[in-house]
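Student: Fold the following and give me the result.
(3 chains)
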Amino acid sequence: MIPPGFDYHAPRSVADAIKLLGSLGPDAKLLAGGHSLLPMMKLRFAQPAHLIDLNRIDALRGIREDGNTIVIGAMTVERDLIGSKLLQAKLPLLPDAARQIADPQVRNRGTIGGDIAHGDPGNDHPAISIALDATFVLEGPKGQRQVRADGFFQGTYMTDMAEDEILVEIRVPAFAPKTGSAYEKLKRKTGDWATAAAAVVLRIDGGVVSHARIALTNLAPTALRAVDAEAALLGKPLSDATIQDAAAKAMAICDPADDLRGDRDYKTAMAGQMVQRAIAKAAARCQ
Amino acid sequence: MGKQLVTLKLNGKRVEKAVEPRTLLVHFLREDCHLTGAHIGCETSHCGACTVDIDGESVKSCTHLALQCEGAEVLTVEGLAQGAVLHAVQEGFYKEHGLQCGFCTPGMLMRAYRFLQENPNPSEEEIRAGMSGNLCRCTGYQNIVKAVQYAAAKLQQTEKVAA
Amino acid sequence: MNAPTDPKLLERSAALQGLGDSRLRKEDARFIQGKGNYVDDIKMPGMLHMDIVRSPLAHARIKRIDKSEALKIPGVIAVLTADDLKPLKLHWMPTLAGDVAAVLADEKVHFQMQEVAVVIAEDRYAAADGVEAVIVEYEELPVLIDPHKALLPDAPVLREDLAGKTEGAHGKRDHHNHIFTWDAGDKAAADAVFASAPVTLKEHIFYPRVHPCPLETCGCVASFDPVRGELVTYITSQAPHVVRTVVSLLSGLPESKIRIVSPDIGGGFGNKVGIYPGYVCAIVASIVLGKPVKWIEDRIENISSTAFARDYHMDGEIAATADGKILGLRVNVLADHGAFDACADPTKYPAGMFHICSGSYDIPAAYCSVKGVYTNKAPGGVAYRCSFRVTEAVYVIERLVDILAQKLGMDKAEIRAKNFIRKEQFPYTSAFGFEYDSGDYQTALDKVLHACDYKGLRAEQAQKRADPAAKTLMGIGLATFTEVVGAGPSKMCDILGVGMFDSCEIRIHPTGSAIARMGTITQGQGHQTTYAQIIATELGIPSEVIQVEEGDTSTAPYGLGTYGSRSTPVAGAAIALAARKIHAKARKIAAHLLEVGENDLDWEIDRFKVKGDDAKFKTMKDISWAAYNQPPPGLEPGLEAVHYYDPPNFTFPFGIYLCVVDIDRGTGETKVRRFYALDDCGTRINPMIIEGQIHGGLTEGYAVAMGQQMPFDAQGNLLGNTLMDYFLPTFVETPHWETDHTVTPSPHHPIGAKGVAESPHVGSIPTFTSAVVDAFAHLGVKHMVMPHSAYRVWQQLKASGVAL
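Tutor: Numbers count the residues shown, from 1 in each chain, chains lettered A, B, ... in the order given. Here you go, the predicted model:
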């Protein structure tokens, strides 16, 4: 219940945060929403000597348009993703999925950036980012670089982000017209991580699927992009057969851990269920 | 790891204290400020018994450092009533038997207080989703839903009268 | 008493807010303003904090404990181990079940998270740091997790402290891991029935281990005053007087110098009956250091080390005629008690009231036996709204009756009705010797089946079963249960030799208000309100001005506490009878004031009236004043009474529950479409409070049936001991509850009340299983083991070939 002692820093700018991260080194951890890190510290699974609180950096918050790209500050909290009229109009998958994360209090503090950067396979935003073709903007002492979400996640708690970098922005191309999306998340109860979840983005042009992204949460050491499942839908009309095929191909790449949510068989089967349901819902929303 | 000063507004009053950085807000409230309304029911941020209101948002005070409240306005259950006049949510819980042992109640009240400002006219489903960060073992939630509905109606009445 | 019809009388009666009134609660004011007084709210000058070093291993020898690093931490004052408790002979303590339990692990640990050492520090943060710094070296021992392996010849030896002890508290022990074997009923008669019955069946019914998990964890503030030689301890206890007696026996301090206070308690559910090592260590620390010591456990500690519930492996058999008349019942149980038998059962009943397992049915021959064994798990078994193993008993009989119905192709409501104890048979003595006080099961069943349109539901189910494209499986569950509560008659029920009576003292003040104290302690059941309501109706004083206090052993009369739904049956009776003593004296005073004979008076709601002269009366207010000013000659001044009530019998509340579920064939998720709960608890003191208790008990039942579990791996690691995994449903998962009632008063209870708060838990759990299994019944499934999580139900969908 009681975290070990640490020094607390609350920089007001990204530059200051990066400086601190550099000077304090691996003994320092970034504090975003705190609802992954603080519980770990209270159980003494994490014992950083320094916490760098990012919550005072206004530049890291906010949702704006940059041409056809939606730019989301990494410290934007889940509640603001849900309430954003811009996202509801241009990227409804985000508010849709954010509503299914944790509970109302946690959503007031939990950030999209924290959810991504932590590298926890149970978190939802990695798969959502993959399905959205998002790009992450990382900033370090040498400046900024951009990394595609698809490929960023390398293993459990392992991402492409260097120890001296901070995730500052998530850049997402706005949905083209007639795009439908859905996030189907099976969980044991409100607030739980996914037993299995699927993020689907679809576009149907002239009766044929012209764009498909399918990404999976908590079914492997990282979020997965189900490329073969996408191919099973592309270029054809959507049908029960193609949906079943996509689901089977998604199941084929799953590598879930046995745990109290279920064994590998169950979770893999649920991946199939969530993919099917998400495709059906996304298709219905292709207006 | 030495103590740092934190200054905040707590139930309308300015408070300034020196705390260890690791001091959780819930302990700061209960031990340093002697406000024992916020309760501790778990250490994994699930139960919501510690819920308070920070700068207009419901926050689990067990997952928040006291230092993070620098310059913030914090409202706890002790600050809900205006003198002898109970807030509508408090009245609702009393009238609709929305509590039994009372341990979850402060957290429930603080969440209901903020929830009804976010959604003044909620459906039952919205109440259940909106309050889903607060656990109760005694009531089975059904009367708490009624309590929140009572408060919603009363607040809307009060608004009508005021308008 | 009959309700008045005259509007003036109705008004006077309503003004009392007495028995039967859904009056709002008197205790709410402090809770809704954050001014409750729970143990962790208590601060005393100079108070220290205690935290506990716990074993990561389930079975190991302790090679070495090194306190030195911990003692260097700023703020840490002391570290205590079993060696420090040995000179006080407190390293082991007696349990309520006649066993002994380690206070701090003495040379070996027996379960994961067992207490090994305590750290006392100036604040809780330093205490936590201290715990991390204590170094303990262990040598692992083979772990025993499966109770079925406990009695094998080569099973690991757990209780070296019991070496050579072939007699336990409950009879012979014939293996080092054997605790007791207990039985009830008539084995020969039952065996004879089974030998000749046309239909018999046997089913293994496992009731998995779960944990009550009240929102407030356990803790205490112990404060020994070395100047006065007096100990006060604020404690999360459902039985403060028992704690005082035990502390006196353990410490040598007389009870007169010990004050135990149960302040506001954030839920008990049986988790707060036993005496935990944390309490003992805090008390010892306070005595040794001469300062108050607070100990509050974490949630993980609570789930991992405090009183768990159930873990009964039951082999149930039922014998019947071909047309469904039950002839006999046999149940043999293997009980996993963990490392120490710390169960809080009445002494003579190591399996509690398990022998209520013949249920609501007229079964001529029955036998049950329970064998308790040790394993490397936390101690316990009796907790969680169980009424002393009634949860297990009702579960086994309701499952067996369902399975019998299925075997015979009978409707499950029909077979129950066929076997009900009939109204005319009460008081009814069961084959196990319980004398059921009253019941009318048929009326209640008819009411529920009608309210739920049972026929319509079965028709809908048949339709759905015929549709291969249906995406869900529909199930209808039923339970018709009787439970036994109100422990209990002292010739049968005692805790550590103290009979299970309960008590009440009432004192009326000169100006007509009153104070009353009882030997029970509310943990959310609303005693401050309901007890006042009983007195209000007995004495004609508004409940609003009757102050009820419980929990302070220095002021409250001795009682055995609140658990097993005993408060209303036992303390409630004591309250009524104490009030009647006052009522009798009040009559004498009224007669004196009105200058008539006692028999010339009628009692009407709140006053004594002279027969035939409405204008001549004295209210309780008049009488109260007179009691202090002009008592009749020969009577002492004052107006008070105390009553200790030794109940003549248990009480037998009952219920009929019906549940409709729809199971998602793709995911295994179960949606509860409808849950209808009819309860009969006899006289209803406050319908609003009863309904709240029912909602709560049903919700806890839902949690048990649908998701709670405490899985152990082969090394004895308890998996899922946080609220991430331990299933506490939120607002979103919890179904909507419909409640109903009938009223069949208990003939032996002064106000006819039976107790109710555990019934919804006892009865709902088999109802949920009944519903989930019913969804698969047409596919030949007879039984499914709880919890019915989506994952586990999906496995049944796969096995039955109907998973999507």
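
Student: hang on, C:Ser369 in a helix?
Tutor: No. If the criterion is DSSP: H, G, I helix; E, B strand; the rest coil, then C:Ser369 is strand and not within a helix.

Student: Find the closest residue to chain A in chain C.
Tutor: C:Ala128 (3.7 Å; C-beta to the nearest C-beta). The C-beta positions use only the backbone N, C-alpha and C, and glycine is treated the same way.

Student: For chain C, what's the nearest residue on chain B?
Tutor: B:Gly37 (2.3 Å).

Student: How about the stretch 101-250 of chain A?
Tutor: A:Thr190 (4.6 Å).

Student: how near is the residue lying closest to C:Ser262 once chain neighbours are set aside to chain B?
Tutor: Leaving out its chain neighbours, the residue that sits closest to C:Ser262 by C-beta to C-beta, 6 or more residues apart in numbering or on different chains is C:Gly551, at 3.8 Å. Taking C-beta to the nearest C-beta, to the nearest Å as the measure, C:Gly551 and chain B are separated by 13 Å.

Student: Look up phi and psi at C:Gly551.
Tutor: phi 100, psi -10 (degrees, to the nearest 10).

Student: sorry, back to before: got the confidence number for the nearest residue in space to the residue of chain B closest to chain C that is not next to it in sequence?
Tutor: Spatial nearest neighbour of B:Gly37, excluding adjacent residues (C-beta to C-beta, 6+ apart): C:Gly34 at 2.3 Å. pLDDT, C:Gly34: 98.

Student: Likewise for the one 5 residues further on?
Tutor: C:Val39 is assigned 98 on the pLDDT scale.

Student: That one reaches C:Pro240, doesn't it?
Tutor: No. In this structure, C:Val39 is not within contact of C:Pro240 by C-beta atoms under 8 Å, at 12.0 Å.

Student: Among these two, which residue is more densely surrounded?
Tutor: Using other C-beta atoms under 10 Å in any protein chain shown, the more surrounded residue of C:Val39 and C:Pro240 is C:Pro240, with 28 against 25.

Student: what sits against that one?
Tutor: C:260-262, C:521, C:551-553, C:556, C:561 (C-beta atoms under 8 Å, 6 or more residues apart in numbering or on different chains).

Student: isn't the residue of chain B closest to chain C right up against C:Lys35?
Tutor: Yes. Between B:Gly37 and C:Lys35 there is a contact at 7.4 Å, judged by C-beta under 8 Å.

Student: Now do the shared contacts for these two.
Tutor: B:Glu78.

Student: quick one, which of the two is more surrounded?
Tutor: More neighbours surround B:Gly37 than the other of B:Gly37 and C:Lys35, with 25 against 16 (other C-beta under 10 Å).

Student: Could you measure from the more buried one over to B:Thr63?
Tutor: 17 Å (C-beta to C-beta, to the nearest Å).

Student: Run a quick neighbour tally on A:Glu25.
Tutor: One thing to correct before we go on: residue A:25 is Gly, not Glu. 11.

Student: Next, give phi and psi for the spatially closest residue to C:Pro156 that is not a sequence neighbour.
Tutor: Distances taken as C-beta to C-beta, 6+ apart place C:Pro142 nearest to C:Pro156, at 4.5 Å, with adjacent residues excluded. Phi and psi for C:Pro142, reported as degrees, to the nearest 10, are phi -60, psi 140.

Student: these two touch, right, C:Pro142 and C:His59?
Tutor: Yes. With contact defined as C-beta under 8 Å, C:Pro142 reaches C:His59; the gap is 6.8 Å.

Student: care to break the chain down by domain?
Tutor: Picking chain A for this. Domain assignment for chain A by automatic domain parsing gives A:7-52, A:63-171, A:180-284.

Student: My question was about chain C, not that one.
Tutor: Taken from automatic domain parsing, chain C resolves into C:7-36+C:501-645, C:39-141+C:217-265+C:272-305, C:390-427+C:437-485+C:650-799.

Student: ok so, going back, contacting residues around the residue of the stretch 101-250 of chain A closest to chain C?
Tutor: A:Thr190 sits in contact with A:103, B:129, B:132, C:730-733, where contact means C-beta under 8 Å, 6+ apart.

Student: SS state for the residue nearest the centre of chain B?
Tutor: Nearest to the geometric centre of chain B sits B:Met110, at 2.1 Å (C-alpha atoms, centre = their mean). Judged by three-state DSSP, the three-state class of B:Met110 is helix.

Student: Let me see the confidence value for it.
Tutor: On pLDDT, B:Met110 comes in at 98.

Student: hang on, isn't it packed against B:Glu57?
Tutor: No. Counting by C-beta under 8 Å, B:Glu57 is not a contact partner of B:Met110; they are 10.6 Å apart.

Student: so what does the longest helix anywhere in chain A touch, helix or strand wise?
Tutor: Of all segments of type helix in chain A, defined using DSSP state H, the longest is helix A:264-284. Using 3 or more C-beta pairs under 8 Å, 6 or more residues apart in numbering or on different chains; DSSP states H and E as the contact criterion, the elements in contact with helix A:264-284 are strand A:179-186, strand A:196-205, strand A:208-217, helix A:240-252, helix C:790-799.

Student: Deepest-packed of these, please.
Tutor: Compared across the helices and strands packed on helix A:264-284, strand A:196-205 shows the largest average neighbour count, a mean of 26 (mean count of other C-beta atoms under 10 Å in any protein chain shown).

Student: For that strand, the averaged confidence score.
Tutor: 97.

Student: what helices or strands is it leaning on?
Tutor: helix A:93-98, helix A:125-131, strand A:179-186, strand A:208-217, helix A:264-284.

Student: Could you look up the SS state of the residue in the stretch 151-287 of chain A that chain B sits nearest to?
Tutor: The nearest approach of the stretch 151-287 of chain A to chain B comes at A:Thr190, 4.5 Å away (C-beta to the nearest C-beta). Under three-state DSSP, A:Thr190 falls in the coil class.

Student: Just give the nearest non-adjacent residue to C:Glu392, would you?
Tutor: C:Tyr312 (4.5 Å).

Student: Buried residues, the longest helix belonging to chain B. List them.
Tutor: Selection of the longest helix in chain B by residue count, based on DSSP H, yields helix B:142-162. Neighbour counts over helix B:142-162 (16 or more other C-beta atoms under 10 Å in any protein chain shown) mark B:142-152, B:154-155 as buried.

Student: Which pLDDT value belongs to the residue positioned nearest the centre of chain A?
Tutor: The residue lying closest to the centre of chain A (C-alpha atoms, centre = their mean) is A:His125, at 1.1 Å. You'll see A:His125 listed with a pLDDT of 98.

Student: got the contact list for it?
Tutor: A:97, A:112, A:115-116.

Student: Do I have it right that C:Val131 meets C:Val116?
Tutor: No. Under the criterion of C-beta under 8 Å, C:Val131 makes no contact with C:Val116, lying 10.0 Å away.
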